[in-house]
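> Provide a 3D model corresponding to the input given below.
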Amino acid sequence: MAGALLADADMPRGLVGSADEVLAQKLHPKIRQFIEYWRLVAPEGRLPGRQHLDPTAIPALLANLWIMEVERGKSLRFRYRLIGTSVARAFAKDLTGQYLDEAHPGFEGTGIHGFLCETVERRLPSWRVGRPKFFALRDFLQVERVYLPAARDGETVDMIFAMTIFLDRHGQEY
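Have a look, this model is predicted:
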């Protein structure tokens, strides 16, 4: 799988759309499994919430999983709620509890911020594969990530479940 991702390293791809639209893409197997799990635990016609996520059901995915809280005010603000070990290692620190705009200066002007806001506002998954956007991740040749909206009440997005796969300069998963 790494070779297939690396072949497209210079052509970033992404979309915000239905789970079916994202699943129609060429995805890393872990990303695919996570989206399928998210759909499986969602109540009929509603978004899943944190209460539906069972870590024991997806142990092979936990290292790449991270969760963000969504705070609503004048604008949306995001805070790292949980960070898997592979994600923490890629950032060279555990950012749990920090706001993204404090942990990453200039965050609000990035495409990442835009994708997160769109995920919240449209209540749809967001997927991207390409070169890393955060300076701290410059040693990675490619990342693939998905943001999945989550809502305790099934409607109002208050969390984003995320998964990121990191490939190093040698095409190996980090």
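
> what ranges do the helices span in the chain?
2-7, 19-23, 29-41, 85-91, 100-103, 111-122 (DSSP state H).

> If you average the pLDDT over the last one, what comes out?
Put plainly, it is helix 111-122. Averaged over helix 111-122, pLDDT sits at 92.

> Buried residues in it, which are they?
Ile112, His113, Phe115, Leu116, Cys117, Thr119, Val120 (16 or more other Cβ atoms under 10 Å). In this view, the C-beta of every residue, glycine as well, is placed from N, C-alpha and C.

> where does the chain have low pLDDT?
Residues of the chain that meet the criterion pLDDT under 70 lie in 1-12, 133-141.

> run the last query once more with 50
Scanning the chain for pLDDT under 50 picks out the ranges 1-11, 135.

> Please name the nearest non-neighbouring residue to Ala88.
Spatial nearest neighbour of Ala88, excluding adjacent residues (Cβ to Cβ, 6 or more residues apart in numbering): Asp94 at 4.3 Å.

> one step back: now, among the buried residues of helix 111-122, which is nearest to Thr164?
Among these, Ile112 lies closest to Thr164 (Cβ to Cβ), at 11.1 Å.

> and the closest one, how far is that from Val41?
For Ile112, the distance to Val41 (Cβ to Cβ, to the nearest Å) stands at 25 Å.

> Is the spatially closest residue to Arg81 that is not a sequence neighbour bridged to anything, and to what?
Excluding the flanking residues, the one nearest Arg81 by Cβ to Cβ, 6+ apart is Ile67, at 4.4 Å. Counting by DSSP bridges, Ile67 forms beta bridges with Leu82, Phe161.

> so who does Ile67 touch?
Listed by Cβ atoms under 8 Å, 6 or more residues apart in numbering, the contact set of Ile67 reads Arg50, Tyr80, Arg81, Leu82, Ala150, Met159, Ile160, Phe161, Ala162.

> who wins for neighbours among these?
When the contacts of Ile67 are compared by neighbour count (other Cβ atoms under 10 Å), Ala150 ends up highest, at 27 neighbours.

> quick revisit: got the contacts of Ile67 as CSV, with distance to Phe107 columns?
What follows is the contacts of Ile67, written out as CSV (distance: Cβ to Cβ, whole Å):
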residue, distance to Phe107
Arg50, 23
Tyr80, 12
Arg81, 16
Leu82, 19
Ala150, 20
Met159, 18
Ile160, 14
Phe161, 19
Ala162, 14
